[in-house]
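# Sequence first, then the predicted structure, then my questions.
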Amino acid sequence: MAEVEETLLRISRHPGVLGILVANKEGKLLRYQANENSTLESNKERYAQLCSQLAQQARSLVRDLDPTNDLAFFRIRSRRQEIMIAPERDYTLLAIQDQESK
């Protein structure tokens, strides 16, 4: 478990990273780590739920196109933020980065 905490801390210290979220496959927030200047606090559960749903849909799309393939990672970039999503079998890892600080 210490290795997981260390990895989350290392990712959250990258420049521009607002926060790291881990959600279960139902979209319930399991873990949240943000920097002190983050604005994610009020929306962390919403990010977890919506991004988990999106990951399930993206995984279905990939598997519908090729049943032998699986979704490994994807990112969504907007004007203000970039959301990096790494879906696994039992959980989804989200990293939210501020586009303006890049």
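Structure received. Nothing here was measured: the structure is a model prediction, and the numbers come from that model. Numbers count the residues shown, from 1 in each chain.

# Show the average pLDDT along stretch 36-45.
Averaging pLDDT along stretch 36-45 yields 82.

# Give the closest residue to residue 69 in space, chain neighbours not counted.
Among residues not flanking residue 69 along the chain, residue 62 sits closest, at 5.5 Å (Cβ to Cβ, 6 or more residues apart in numbering). To be clear about C-beta, it is placed using only N, CA and C from the backbone, and glycine gets the same treatment.

# What is the least confident helix or strand in the chain?
Across the helices and strands of the chain, mean confidence by mean pLDDT, DSSP states H and E is lowest for helix 2-12: a mean of 81.

# Using CSV, write out the CA atom coordinates for that one.
The C-alpha coordinates for helix 2-12 follow below in CSV (Å, rounded to 0.1, in the frame of the first residue of the first chain):
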residue,chain,number,x,y,z
ALA,A,2,2.9,2.4,0.7
GLU,A,3,3.9,2.0,-3.0
VAL,A,4,0.5,3.1,-4.1
GLU,A,5,0.6,6.2,-1.8
GLU,A,6,4.1,7.0,-3.1
THR,A,7,3.0,6.8,-6.7
LEU,A,8,0.0,9.0,-6.1
LEU,A,9,2.2,11.6,-4.3
ARG,A,10,4.8,11.5,-7.1
ILE,A,11,2.1,12.1,-9.8
SER,A,12,0.4,14.8,-7.8
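
# one step back: residues touching the residue nearest to residue 69, list them.
Contact analysis of residue 62 by Cβ atoms under 8 Å, 6 or more residues apart in numbering lists 69-71.

# Verify the contact between residue 9 and residue 33 for me.
Yes - with contact defined as Cβ atoms under 8 Å, residue 9 reaches residue 33; the gap is 7.0 Å.
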